[in-house]
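[1] how does the following fold in three dimensions:
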Amino acid sequence: MATSSLYRRPKRVTDTILLVCLWLSALLTVGILFLILGYILINGVPHITWRFLSEPYFESTDQKGILPMIINTFYLVFLTLLIATPIGLGTAIYLTQYARQGKIVRVIRFATETLAGIPSILYGLFGFALFVSFLRLSYSILAGALTLAVMVLPTMIRTTEESLKAVPKQYKEGALALGSGKLRVVFNMILPCAMPGVLTAVVLSMGRIVGESAALLFTSGLVTHLPENVLTHVLSSGRTLTLHLYQLAMRGESLDQTFATGSVLLIIVFLLNRLAQLLAGIARKK
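    The predicted structure follows:
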């Protein structure tokens, strides 16, 4: 009995030390997060007014609103997800349900992992060379969306692939044994079960789209005009909130507007993530 006690005591001390380290690490991470968010919101929220949110931005006048940038940001998020989601979802389904685990799959996975490690500024140069210059899309929201779609594909593919792998194989085997076709099994059984993971991939991609600036400097442009036509606005240049924040900070025009723009950006990211979480909750219940 004494021997057993001697062996247990060091283990308990080690577990306690590790648990304390884990708690300190978690508290430190959360503390840094709240410190950054608090500093930005405290300095920015008092300067957010209806005029600031509803007016356009003109450098030569006193109109310094961010309405065009908000509209351009939502355009970019919607268009990028519209392009990237079907491609990422289709690739993940092919890798997990149809492809044989061989050379082709290894090449595709190597390509996605390589794309995930490329700096965003290189995506911007690629987008400028291909979409802006070669395809003659000029500086436009469409060129920026195509560039960001390529950039978020690795996140979309890998996260969706893992969620599809997490679905129990018994579901697929049982459905196939009952005579269901493979395509029907994938879309009527496996994909609905993996939908929370797919929405997680969308949330992660959305966060990167909203927060991206380097790639958009070379593709979407810096124009701050309001859209003249809802449908053709994607073919015109448009400055997003992150680009506007970058421009304000670099020029040193107004620190109050810089913090206010950053606060609006944080609020939009929070609302979009919250919306995606609600959709994920609905998908889990179904």
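[2] which helices and strands does whichever helix in the chain runs longest pack with?
    In the chain, with assignment by DSSP state H, the single longest helix is helix 2-44. Helices and strands touching helix 2-44, by 3 or more C-beta pairs under 8 Å, 6 or more residues apart in numbering; DSSP states H and E, are helix 255-285. All C-beta spots, glycine's among them, are computed from the backbone N, C-alpha and C.
[3] by how many degrees do the helix it packs on and helix 2-44 diverge?
    On the basis of axes from the mean of the first three to the mean of the last three C-alpha atoms, to 10 degrees, helix 255-285 is oriented at 130 degrees to helix 2-44.
[4] which parts of helix 255-285 are buried?
    In terms of neighbour count (16 or more other C-beta atoms under 10 Å), helix 255-285 has its buried residues at 256-266, 268-269, 272, 276, 280, 283.
[5] looking at S237 now. What's its pLDDT?
    pLDDT recorded at S237 is 89.
[6] torsion angles phi and psi at the residue nearest to it when sequence neighbours are not counted?
    Distance criterion C-beta to C-beta, 6 or more residues apart in numbering; nearest residue to S237, sequence neighbours excluded, is G221 at 3.1 Å. Main-chain dihedrals, G221, degrees, to the nearest 10: phi 90, psi -170.
[7] now Y57
    phi -110, psi 120.
[8] kindly report the same for K64.
    Note on K64: its backbone torsions stand at phi -120, psi 40 [degrees, to the nearest 10].
[9] all strands of the stretch 101-250 of the chain, in order?
    Read by DSSP state E, counting those that start in this stretch, the stretch 101-250 of the chain holds no strands at all.
[10] pLDDT below threshold where in it?
    Nowhere does the stretch 101-250 of the chain drop to pLDDT under 70.
[11] quick check, P196 in contact with L164.
    No: using C-beta atoms under 8 Å, P196 is not in contact with L164, being 11.6 Å away.
[12] who's more crowded, those two?
    L164 (21 against 17; other C-beta atoms under 10 Å).
[13] how much space separates that one from I87?
    According to C-beta to C-beta, to the nearest Å, L164 stands 15 Å off from I87.
[14] go on, L278?
    Distance from L278 to I87, by C-beta to C-beta: 25 Å.
[15] other residues contacting stretch 273-284?
    For stretch 273-284, contacts defined as C-beta atoms under 8 Å, 6 or more residues apart in numbering pick out 192, 195-196, 199-200, 202-203, 206-207.
[16] please repeat the previous calculation with a cut-off of 6 Å.
    By C-beta atoms under 6 Å, 6 or more residues apart in numbering, the surrounding residues in contact with stretch 273-284 are 195-196, 199, 203.
[17] export that stretch as PDB, just CAs?
    Taking C-alpha atoms only, stretch 273-284 is exported to PDB below (Å, rounded to 0.1, in the frame of the first residue of the first chain):
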ATOM      1  CA  ASN A 273     -19.500  34.500 -37.100                       C
ATOM      2  CA  ARG A 274     -22.500  34.600 -34.800                       C
ATOM      3  CA  LEU A 275     -24.800  34.100 -37.800                       C
ATOM      4  CA  ALA A 276     -22.700  31.100 -39.000                       C
ATOM      5  CA  GLN A 277     -22.800  29.600 -35.500                       C
ATOM      6  CA  LEU A 278     -26.600  29.900 -35.400                       C
ATOM      7  CA  LEU A 279     -26.800  28.100 -38.800                       C
ATOM      8  CA  ALA A 280     -24.400  25.400 -37.500                       C
ATOM      9  CA  GLY A 281     -26.600  24.900 -34.500                       C
ATOM     10  CA  ILE A 282     -29.700  24.600 -36.700                       C
ATOM     11  CA  ALA A 283     -27.800  22.000 -38.800                       C
ATOM     12  CA  ARG A 284     -26.900  20.000 -35.700                       C
END
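[18] where exactly do the helices run in the protein?
    Using DSSP H, helices in the chain cover 2-44, 50-54, 67-93, 103-116, 120-127, 141-165, 169-177, 182-185, 191-193, 195-211, 214-217, 241-251, 255-285.
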